[in-house]
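In: Predicted structure and sequence below. I'll ask about it afterward.
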Amino acid sequence: MRNALVKLVFLWGLLAGPLVAQPLPEACRNGPVDTALGFSPWPPDLSLAGVERAYSFIAKNGNIVAHHMDNGVPWVEALTGKRFPAHLRADWEDRLARTPEGAQVFLALTPLDMGRTSLAPYWSNRGDNQPLPRAWQDMAFDDPDVVAAYTNYVLRGVEFFRPDYLAIGIEANIMLAEKPDRWPAYLRLNAAVYRAVKEKYPDLPVFSTVQYEYLRGIEDESKGTAQMQIPAVRQLLENSDLLALSTYRYGILHPNPPRANYFDVARKFGKPIAIAESGAMSREVTVNGMLLPAFASTQADFVNMLLLNAVKLDFPFLINWVNIDYDGTLEKLPRDVQELAKAWVYTGLQSYSGKPKPALKIWRRCLGQ
C-alpha cells in the first residue's frame, strides 16, 4: 500500500511537473570533452572475475581511475615509520598493477570514518576497518600524533601511486550535520596535511572533497545545520586547490533534479570544480522500506547534465563512482550493510548482465568514442 502511494505521488509529479527538470541539450554534440572521465574500481561481484571485469570496463570507457580508500588508516605504522601492514600493501599493489596504462589516477584518502564524524578505523595486519588501538580512540583530529601519522600516510600514498589528483579527506562537510564542534580540529589537520603535501609536490592538485547535497542543505540530515555549510566550506577551501564534489540523485523523488543551474552554489566559491564521485540510479529500489523510483532515462538525464557542465565549467575530472551495477556484490555484503548499499547498486553505466545503459552512450560520446 505504501509503495503504491509513493508511485501515485511520482506519477502526479510527472503530470504536474514540479519533480521533473526541463530537458537539457545533449552533451558533447560538438565533440569530446577535455575533462578526464572515469570510475572507481568497485567490483560488480566480490570475486577475482568481478574485479577484472571492473578494470576492463574502466579501460574501455574511461581515462581516469578513482582509487578511493575510506576503509581505514595504518595509524600506528604511519606514526612510527614502520612498514605498512601486508593487507594494505597487497591492496595498493593490486590497484596499481590493474590501473589501465595511460589512465590518470585520482587518489582519495581520508582521516574520517564512514560516518564522516570520527577518526578513521585502523588498517592493520588483520585487515581494514579494524577498531582503533585504545590509545587512539579519544584522539582529536588535531592531536599531534594524528597530524603526524596522517601526514606520513598521505605522503607515502602519493609516493606509491604518483596520482594526478589527491583528496586528503572525503565528504568532510558531512561532519557539520552531526559533530560541528569537531570541525575546527579537522580544519587544522587538513591545513597541516595540505601544506606538507604541497611543499613536496607543489604541482599536485590537493583538496578535501565536499558533499554537495549537504552543502546545499537538501539532505534531511543537513537541514538543521544548513546555515553552517557555506561559511565552513569556505574555511576548508582556504587549503584546497579545487572544489571537488560528491553528488548523487537517489531516485526521481529525491530533491535534486538535473537543472541547468545545478552548480550555481558551487560556482560562488570561485574555485575550479571537479566531480570526485557521482551517480544516479537507473531503476527503482526499496531502501529501508521506502521506494526510490528511477529509470534508465532519468539516469541518462543526470549524467548528461554533469557532462554539459564538464564542458561549460571546465571540470578537470568527473567520476561516476560505480562502473557496473553490483548485484553480485550486494548479495554477498553483510545484511546490515546491504540496505545502505542498495542506494548505489544501480548507478553503474552498464547493467550487471552486461547491457549498456543510455547514459553510457552519452558518456562514450564525450570520450570521443
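Out: Great, that's in hand.
In: Quick check: bridge partners of the most centrally placed residue in the chain?
Out: Residue closest to the average C-alpha location in the chain (Cα atoms, centre = their mean): E277, at 3.3 Å. On the basis of DSSP bridges, E277 is bridged to S246.
In: Hmm, W321 and it touching each other?
Out: Yes: applying Cβ atoms under 8 Å as the test, E277 and W321 come out as touching, 4.2 Å apart. Placement of C-beta: from N, CA and C, glycine included.
In: Quick check: neighbours shared by the two?
Out: Common contacts of E277 and W321, defined by Cβ atoms under 8 Å, 6 or more residues apart in numbering, comprise 40, 66, 68, 246.
In: so can I have JSON lines of these showing pLDDT, distance to R259 and neighbour count?
Out: Below are the shared contacts of E277 and W321 laid out as JSON lines (pLDDT from 0 to 100; distance: Cβ to Cβ, whole Å; neighbours: other Cβ atoms under 10 Å):
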{"residue": "S40", "pLDDT": "98", "distance to R259": "26", "neighbour count": "20"}
{"residue": "A66", "pLDDT": "98", "distance to R259": "26", "neighbour count": "27"}
{"residue": "H68", "pLDDT": "98", "distance to R259": "27", "neighbour count": "23"}
{"residue": "S246", "pLDDT": "98", "distance to R259": "18", "neighbour count": "24"}
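In: out of these, who's nearest C28?
Out: Distances from C28 to these, taken as Cβ to Cβ, are shortest for A66 (20.9 Å).
In: what residue ranges in the stretch 1-150 of the chain are flagged as low confidence?
Out: Along the stretch 1-150 of the chain, the model assigns pLDDT under 70 to residues 1-21.
In: so where do the helices sit in it?
Out: 2-16, 48-61, 75-80, 86-98, 144-161 (DSSP state H, counting those that start in this stretch).
In: With respect to K198, which of the ones you listed lies nearest?
Out: The closest of the helices of the stretch 1-150 of the chain to K198 is helix 144-161. By Cβ to Cβ, the value is 11.0 Å.
In: From P74, how far out is the residue nearest to the centre of the chain?
Out: 23 Å (Cβ to Cβ, to the nearest Å).
In: ok, and what's touching stretch 27-34?
Out: The contact list for stretch 27-34 (Cβ under 8 Å, 6+ apart) reads 304, 307-308, 310-311, 314, 362, 365-368.
In: That stretch: which residues count as buried?
Out: For stretch 27-34, the neighbour count (16 or more other Cβ atoms under 10 Å) marks 27-28, 33 as buried.
In: looking at it, I273 is touching D264, isn't it?
Out: No: under the criterion of Cβ under 8 Å, I273 is not in contact with D264, lying 11.2 Å apart.
In: re the thing from before, residues contacting the residue nearest to the centre of the chain?
Out: Shown in contact with E277 (Cβ under 8 Å, 6+ apart): 40, 66, 68, 209, 246-248, 319, 321.
In: Likewise for Y153?
Out: For Y153, counting by Cβ under 8 Å, 6+ apart, the contacting residues are 73-74, 78, 109.
In: Let's see if you can find the most crowded of those.
Out: Using other Cβ atoms under 10 Å as the neighbour test, those are led by V73, with 28 neighbours.
In: Spit out the contact partners of that one.
Out: By Cβ under 8 Å, 6+ apart, V73 lies in contact with 109, 111, 120-123, 149-150, 153.
In: and if you look at P163?
Out: Here P163 is in contact with 67, 105-107, 204 (Cβ under 8 Å, 6+ apart).
In: mind running it again at 6 Å?
Out: Counting by Cβ atoms under 6 Å, 6 or more residues apart in numbering, P163 touches 105, 107.
In: where does it sit relative to T347, distance-wise?
Out: P163 is 24 Å from T347, by Cβ to Cβ.
In: Then F39?
Out: 10 Å.
In: Please apply the same query to L79.
Out: Relative to T347, and taking Cβ to Cβ, L79 is found at 37 Å.
In: Could you check which of the two has the larger neighbour count?
Out: Legend: neighbour count by other Cβ under 10 Å for L79 and T347, higher for T347 (25 against 19).
In: State the distance from that one to D145.
Out: 38 Å.
In: And for H254?
Out: 40 Å.
In: Tell me which of those two has more neighbours.
Out: Legend: neighbour count by other Cβ under 10 Å for H254 and D145, higher for H254 (19 against 14).
In: Now name the helix or strand holding that one.
Out: Using DSSP states H and E, H254 is not contained in any helix or strand.
In: And for it, nearest residue in space, chain neighbours not counted?
Out: Counting by Cβ to Cβ, 6 or more residues apart in numbering, H254 lies nearest to L292, which is 7.3 Å off, once chain neighbours are set aside.
In: can you check Y194 too?
Out: Leaving aside its sequence neighbours, Y194 sits nearest to N239 (Cβ to Cβ, 6+ apart; 4.0 Å).
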